[in-house]
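Visitor: The following comprises the amino acid sequence and a computationally predicted model.
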Amino acid sequence: MLFLYNLFLFLYSLLARFYALFNDKAKKWVDGRKDWEHHFSSTLLAGEKRIWVHCSSMGEFEQAKPLIEVIRARYGEYKVVVTFFSPSGYEACKNSALADYVFYLPHDGRVNAKRFIEIVNPTIALFVKYEFWYYYLAQLRASGIPTILVSGAFRGEQVFFKWYGGMFRDMLKCFDFFFLQDEVSKTVLDKIGINKNVIISGDTRYDRVAAIARNVTAIATLDKFKGNHKILIGGSTWPGDEGVLSECMAMMPPDWKLIIAPHEIDVPHVRKVQGLFKDSILFSVLNAGNTGQEKKVLIIDNIGMLSRLFSYADVAFIGGGFQKGGIHNILEPAVFGAPVIFGPVYQKFVEARELATLKYVFPVNNAEEAKAVLGKLIADDEYRGSISYALKEFMRNHTGAANTILREIEQKGWLK
């Protein structure tokens, strides 16, 4: 299995270099790792105490933020080193004030992992949710550095729990503590003998979206576009979602509008979205003289607004559920009490499964099902209001994971 893992690493790196010849994202992945030893050594200052936080991409960094914030508030003498696997995560977060250093994670391998740990020399390492790299985890264990999984989520169908997953189980055994999202994760870990230093702390994303909701500010141009209408927000949508939403438009009454924020905002895709929604206007053209009030659909053609957009939602349609990777973060609209509709690919998301079971959010398989759910939510204000109240209560009852994690870290004496 280790031979196959090394073969995978080699082939992945080879393919990345090939795609870098004509793909901008792959080029950033490759270029961001060039001469990394010199870059790290010349950037990190001598004599620092450091905490290493590894995130696969931007979503995991959002998950890490509440924990980083409470650590920094109490342990300001530590420097926070954040690494990313993906270019999208790195590019979005490289200037974050929460991190003292932001790097690409060097390609996994015995030599790279050893040099990385020697150079960064973290007091503690935090891996967020998932993404497990064999040589890094083995080197952390060999170096005696406490290694923690934050907001972990496991399912029985994952490779760790298969007969051929021995090497992956070895990766899990390199962790000193597991902070998990739910009971299912705890149960499947117990079945492979991992039952010490395991607690259900919840998901730090609840803390994150709660903080966003507390500090949300109005967007004047949206206030004017909205007027007295109720709003359906389509958040981080892909083509499959946009097709479903376009069919839903035919049944929306005059007092409802759609605000849609596509996942991809390159010009060709935005034009396709405009083609689907004829009575639409782009956010970028709104101004004091062009409020878009007469339009039925507003297309958000920038990034960075989505979490604030959801404060306008009476109902939300979250994108990604018709894609292989699955849905965007449904907690962002849920914290504002917006009932959420999404496509069928959601099973790996703990909060989506739980909220769907409670019937506070609504997975659908196609446009017909989406129209049926949306129709009921639009027509019955009392029904929609009851879900909104229940969602807000649910969200309030699930915050506090970051403080729980920090207390346990302190009790173990891993930060001093």
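Guide: Good, I have the coordinates.
Visitor: Can you name every helix or strand that the helix or strand hosting W29 contacts?
Guide: Per DSSP states H and E, W29 falls inside helix 24-31. Applying 3 or more C-beta pairs under 8 Å, 6 or more residues apart in numbering; DSSP states H and E, we find helix 24-31 packed against helix 2-19, helix 87-93. The C-beta positions use only the backbone N, C-alpha and C, and glycine is treated the same way.
Visitor: Let me know which of the ones you listed is tucked in deepest.
Guide: Comparing these by mean neighbour count (mean count of other C-beta atoms under 10 Å), helix 87-93 ranks first with a mean of 19.
Visitor: same question for that helix, mean pLDDT?
Guide: Predicted confidence along helix 87-93 averages 89 (mean pLDDT).
Visitor: now swap in stretch 150-161 and tell me
Guide: Stretch 150-161 comes out at a mean pLDDT of 93.
Visitor: Now do it: everything it contacts.
Guide: 63-64, 67, 126-130, 165, 168-169, 171-172, 178-182, 184-185, 188-189, 191-192, 201-205, 347-350, 401, 405 (C-beta atoms under 8 Å, 6 or more residues apart in numbering).
Visitor: hmm, 6 Å instead?
Guide: Stretch 150-161 is contacted by residues 63, 126, 128-129, 165, 168-169, 178-181, 185, 188, 203-204, 350 when judged by C-beta atoms under 6 Å, 6 or more residues apart in numbering.
Visitor: The stretch of helix or strand E408 belongs to - contacts with which helices or strands?
Guide: Element membership of E408 [criterion: DSSP H and E] is helix 401-411. For helix 401-411, the contact count by 3 or more C-beta pairs under 6 Å, 6 or more residues apart in numbering; DSSP states H and E identifies helix 58-74, helix 204-214 as packing neighbours.
Visitor: Could I have the CA atoms of the helix or strand that the last one is followed by written out in PDB?
Guide: By that I understand helix 204-214. Per DSSP H and E, helix 204-214 leads on to helix 220-226 as the next helix or strand towards the C-terminus. Once non-C-alpha atoms are left out, helix 220-226 reads as follows in PDB (Å, rounded to 0.1, in the frame of the first residue of the first chain):
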ATOM      1  CA  ALA A 220     -27.200  49.400   0.400                       C
ATOM      2  CA  THR A 221     -27.500  48.300  -3.300                       C
ATOM      3  CA  LEU A 222     -29.200  45.100  -2.200                       C
ATOM      4  CA  ASP A 223     -31.600  46.900   0.000                       C
ATOM      5  CA  LYS A 224     -32.800  49.000  -3.000                       C
ATOM      6  CA  PHE A 225     -33.000  45.900  -5.300                       C
ATOM      7  CA  LYS A 226     -35.000  44.000  -2.600                       C
END
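Visitor: How far does the following helix or strand past helix 220-226 sit from its chain's centre?
Guide: Per DSSP H and E, the first helix or strand lying C-terminal to helix 220-226 is strand 230-237. Mean-position distance between strand 230-237 and its chain equals 18 Å (C-alpha atoms, centre = their mean, to the nearest Å).
Visitor: helices or strands next to strand 230-237 in the packing?
Guide: Using 3+ C-beta pairs under 6 Å, 6+ apart, strand 230-237 sits against strand 256-262, strand 315-318.
Visitor: could you redo the last one with a cut-off of 10 Å?
Guide: helix 239-248, strand 256-262, strand 297-299, helix 306-309, strand 315-318, helix 331-334, strand 340-342, helix 367-379 (3 or more C-beta pairs under 10 Å, 6 or more residues apart in numbering; DSSP states H and E).
Visitor: excluding its backbone neighbours, what's nearest K257?
Guide: H229 (4.6 Å; C-beta to C-beta, 6 or more residues apart in numbering).
Visitor: Where does the prediction get shaky in the protein?
Guide: Judged against pLDDT under 70, the chain has no low-scoring part.
Visitor: So which residue is smack in the middle of it?
Guide: G59 (2.3 Å; C-alpha atoms, centre = their mean).
Visitor: so that residue makes contact with D203?
Guide: No - if you go by C-beta atoms under 10 Å, G59 and D203 don't touch, sitting 11.7 Å apart.
Visitor: Quick check: neighbours shared by these two?
Guide: In the contact map built from C-beta atoms under 10 Å, 6 or more residues apart in numbering, the residues linked to both G59 and D203 are K129.
Visitor: how's the protein carved up into domains?
Guide: 14-202+400-411, 216-396 (automatic domain parsing).
Visitor: and F3, which of the ones you listed is closest to it?
Guide: Among these, domain 14-202+400-411 comes nearest to F3, with 10.0 Å by C-beta to C-beta.
Visitor: end-to-end on the closest one?
Guide: From its first residue to its last, domain 14-202+400-411 covers 44 Å (C-alpha to C-alpha, to the nearest Å).
Visitor: now that domain, how far from the chain's geometric center?
Guide: With C-alpha atoms, centre = their mean, you get 14 Å for domain 14-202+400-411.
Visitor: cool, stretch 211-231 as well?
Guide: 23 Å.
Visitor: which parts of that stretch are buried?
Guide: A211, I212, A213, V216, I219, T221, L222, F225, K226, H229, K230, I231 (16 or more other C-beta atoms under 10 Å).
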